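> quick one, structure for this:
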Amino acid sequence: MIESDAKAIEEGREIQQNALSNSAYHSLNSMHHFLNADP
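Here you go, the predicted model:
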């Protein structure tokens with residue numbers, strides 16, 4: 001495998017992980033707001 005390909009794959013994985021943790025964080029956050037909302 002070419003080195004730049006490996007680097008691109010590695011960067012792609014990092015971006016994917018960031019996106020996953022971001023969406024998990026956002027859903028936790030909105031759930032938190034929902035639970036703490038005034039009736």
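
> quick one: low-confidence parts of the chain?
Residue ranges of the chain with pLDDT under 70: 1, 39.

> strands along that one, start to end?
Read by DSSP state E, the chain holds no strands at all.

> now do the helices in this protein.
Using DSSP state H, the helices assigned to the chain run over residues 3-36.

> give me the number of residues near residue 19?
By the measure other C-beta atoms under 10 Å, the count of residues near residue 19 is 10. (Glycine included, C-beta is placed from N, CA and C.)

> same question, residue 30
Residue 30, neighbours per other C-beta under 10 Å, totals 10.

> before we move on, what about residue 18?
Counted with other C-beta under 10 Å, residue 18 comes out at 10.

> and if you look at the one 5 residues further on?
Other residues within reach of residue 23, judged by other C-beta under 10 Å, total 10.

> next: the one 3 residues further on.
Burial measure for residue 26: 10 neighbouring residues, criterion other C-beta under 10 Å.

> repeat that for residue 22.
Close neighbours of residue 22, defined as other C-beta under 10 Å, add up to 10.

> any idea how far it is from residue 32?
15 Å (C-beta to C-beta, to the nearest Å).

> what does residue 19 give?
20 Å.
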